[in-house]
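Colleague: Next one to model:
(one chain, ligands or ions: 1)
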Amino acid sequence: MVTAETRKARKRPERTCLVCRGKFPKEELRRIALVGRAFVWDVHQRAGGRGAYVCAKPGCLERFERRQADFLQRAFRKKLNKERRETDGFFISPGQ
Ligand SMILES: [Zn+2]
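Modeller: Predicted coordinates:
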């Protein structure tokens, strides 16, 4: 059923959190971008290219940080294809 409420909600771009699979407005998520061969926190969400998102819940960030490689692999596996082997592991570069 499409109500006025759902139409309104659709106007905001939503992305799925890698960890809890919950959907959130883009601006409430932290974006991880694949830049060249490295994963970085895309603080301003302007890096373009391939991206994945983690929501702001402390539990999600903690789980993500403990198992970065697993989550990144899952998020980017399909998108990476051939490039996968050329990526410098599945770890986000330190720092912002
Ligand atoms: Zn989450």
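Colleague: Find the helix or strand that residue 52 is a member of.
Modeller: Remark: residue 52 resides in strand 51-55, with elements defined by DSSP states H and E.
Colleague: near the ion, anything from that strand?
Modeller: Yes. Applying Cβ under 5 Å from the ion, one finds strand 51-55 touching the ion at residue 55. For glycine as for every other residue, the C-beta is placed from the backbone atoms N, C-alpha and C.
Colleague: what does the helix or strand that comes right after that strand rub up against?
Modeller: Using DSSP H and E, the helix or strand that directly follows strand 51-55 along the chain is helix 58-66. The contact list for helix 58-66, computed with Cβ atoms under 8 Å, 6 or more residues apart in numbering, reads 17, 18, 19, 20, 30, 54, 71.
Colleague: Let me know the pLDDT of the fourth one.
Modeller: Model confidence at residue 20, given as pLDDT, is 97.
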